[in-house]
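> below is the sequence, then the predicted model.
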Amino acid sequence: MEKVISKCNFYRDARSADGFLHICIPCKRNDIEENRALKRDYYRAQDRIRNARPDRVAARQTYAHTQAGRAARQRAHRRWKAFKALESRA
Ligand SMILES: [Zn+2]
């Protein structure tokens, strides 16, 4: 049976003739992960700069006081406690 390659397996790309990227979503994601790993320090520095922007800082503080923000903090805290418990056993 011939494998059907659906267009839903490709990201849209307005610049290409058929409107889709030339590589499939899993291959594109793989490329992105490889690129990020190769330029890890660069992207970390960019993230640090972006996270320090006053509008981003204010947005984080606003979000932290919402119900979703509190729930996210509780999830993170539970994961951190589980991680620490594993770490102390190792
Ligand atoms: Zn592919």
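Received the coordinates, thanks.
> so for the residue nearest to the spatial centre of the chain, what's the pLDDT?
Taking Cα atoms, centre = their mean, the centroid of the chain lies closest to residue 33, which sits 10.2 Å from it. The model reports residue 33 with a pLDDT of 97.
> might you list the low-confidence residue ranges for this structure?
Residue ranges of the chain with pLDDT under 70: 1-5.
> what pairs with the longest strand along it, parallel or antiparallel?
What stands out as the longest strand in the chain, according to DSSP state E, is strand 20-24. Take DSSP bridges as the rule and strand 20-24 pairs in its sheet with strand 10-12 (antiparallel).
> show me which residues of the partner strand are buried.
Residues of strand 10-12 classed as buried under the neighbour-count rule (16 or more other Cβ atoms under 10 Å) are residue 10. Quick note: C-beta positions are derived from backbone N, CA and C, even for glycine.
> other residues contacting the longest helix out of those in the chain?
Among the segments of the chain that qualify as a helix by DSSP state H, the longest is helix 67-89. With Cβ atoms under 8 Å, 6 or more residues apart in numbering as the test, helix 67-89 has contacts from 63-64.
> hang on, the earlier thing: between the helix or strand where the residue nearest to the centre of the chain lies and strand 20-24, how many degrees?
Counting by DSSP states H and E, the secondary-structure element that holds residue 33 is helix 25-38. Relative orientation of helix 25-38 and strand 20-24, computed by axes from the mean of the first three to the mean of the last three Cα atoms, to 10 degrees: 80 degrees.
> now for helix 25-38, which elements pack on it?
Helix 25-38 makes packing contacts with strand 10-12 when contacts are defined by 3 or more Cβ pairs under 8 Å, 6 or more residues apart in numbering; DSSP states H and E.
> now the strand it packs on: how far from the chain's centre is it?
Average the C-alpha atoms of strand 10-12, do the same for its chain, and the two points are 18 Å apart (Cα atoms, centre = their mean, to the nearest Å).
> touching the ion at all, that strand?
No - Strand 10-12 is not in contact with the ion by Cβ under 5 Å from the ion; minimum separation 9.0 Å.
> quick one: contacts of that strand?
Applying Cβ under 8 Å, 6+ apart, the contact partners of strand 10-12 are 19-21, 23-25, 28.
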